[in-house]
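Q: Structure, please.
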Amino acid sequence: MQTPNLPAIRAHRPAWNKGRIVGQKRPLKPKQVWAIRVRLELAENHRDLALFNLAIDSKLRGCDLVKLKVVDVMASGLIKERASVLQSKTQKPVQFEISDGTRASLQNWMQDPSMIGSEYLWPGRFHERLHISTRQYARIVRNWVISIGLEASAYGTHSMRRTKVTQIYKKTGNLRAVQLLLGHTKMDSTVRYLGVELEDALAIAEAIEI
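A: Sure thing, here's the model as predicted:
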């Protein structure tokens, strides 16, 4: 008589999100953006300042941001005003602007000794990696938000991606523009990503007094 194949018994493990705030990560508010910028400028942390500024301008996912190459943002020794990157998730290109402040911080970072001969914009340490990992980027973001007294579990790499488009939507209400900037193929994805239906509902509720 054959013994039936029974499922393996696995030791119980605590949930990965135990004790964490789960859900969409919050975008940064303008005053929080400037607070982080000022701290990075005072610390003369050229790499992090350039990374922070470009993360907000580009609105790229972390996996695409960490893999950016120098040629993606620089041509003929100058930082481009606009750049285009092929997204890993959708395999479709997305364009983004590079603001004056971001170009200046990138130019400063390019002059850093650690950038000599580097193909990637955010080279890994000790040449163990060609570029920083998404996990390392997540740790960097965590340090940024903690430095200005924010709850780390409420923010993440998607906070960087959502920050500028959230302000664009608030000021213009133009979902199509936000969809293009994020590189979403469907408008529904943009609506869910921004949580605009909930935001609009709350705004309406706040405006009504009973």
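Q: which residues touch the longest helix seen in the chain?
A: Longest helix in the chain, counting residues (DSSP state H): helix 157-172. Helix 157-172 is touched from outside by 24-28, 30, 33, 52, 55-57, 59-62, 65, 134, 137-138, 141, 145, 174-175, 177-178, 181-182, 193-194, 196, with contacts defined as C-beta atoms under 8 Å, 6 or more residues apart in numbering. Just so you know, the C-beta spots here come from the backbone N, C-alpha and C atoms, and that holds for glycine as well.
Q: Of those, which belong to helices?
A: For the contacts of helix 157-172, membership in helices holds for 30, 33, 52, 55-57, 62, 65, 134, 137-138, 141, 145, 175, 177-178, 181-182, 193-194, 196, with DSSP H as the criterion.
Q: confidence score at Asp48?
A: With respect to pLDDT, Asp48 has a value of 98.
Q: show me what contacts it?
A: Contacts of Asp48 by C-beta under 8 Å, 6+ apart are Leu40, Ile140, Trp144.
Q: ok, and the most crowded of these?
A: For the contacts of Asp48, neighbours were counted using other C-beta atoms under 10 Å, and Trp144 has the most, 26 neighbours in all.
Q: In contact with that residue, which residues?
A: With contact taken as C-beta under 8 Å, 6+ apart, Trp144 is in contact with Ile36, Leu40, Asp48, Phe52.
Q: In this structure, where is pLDDT below threshold?
A: For the chain, the stretches flagged by pLDDT under 70 are 1-23, 126-128, 196-210.
Q: try 80
A: 1-24, 125-129, 173, 187-210 (pLDDT under 80).
Q: before we move on, back to that, please indicate which of the contacts of helix 157-172 are buried?
A: Neighbour-count burial (16 or more other C-beta atoms under 10 Å) is assigned, among the contacts of helix 157-172, to 25-28, 33, 52, 55-57, 59-62, 65, 134, 137, 141, 145, 175, 178, 181-182, 193-194, 196.
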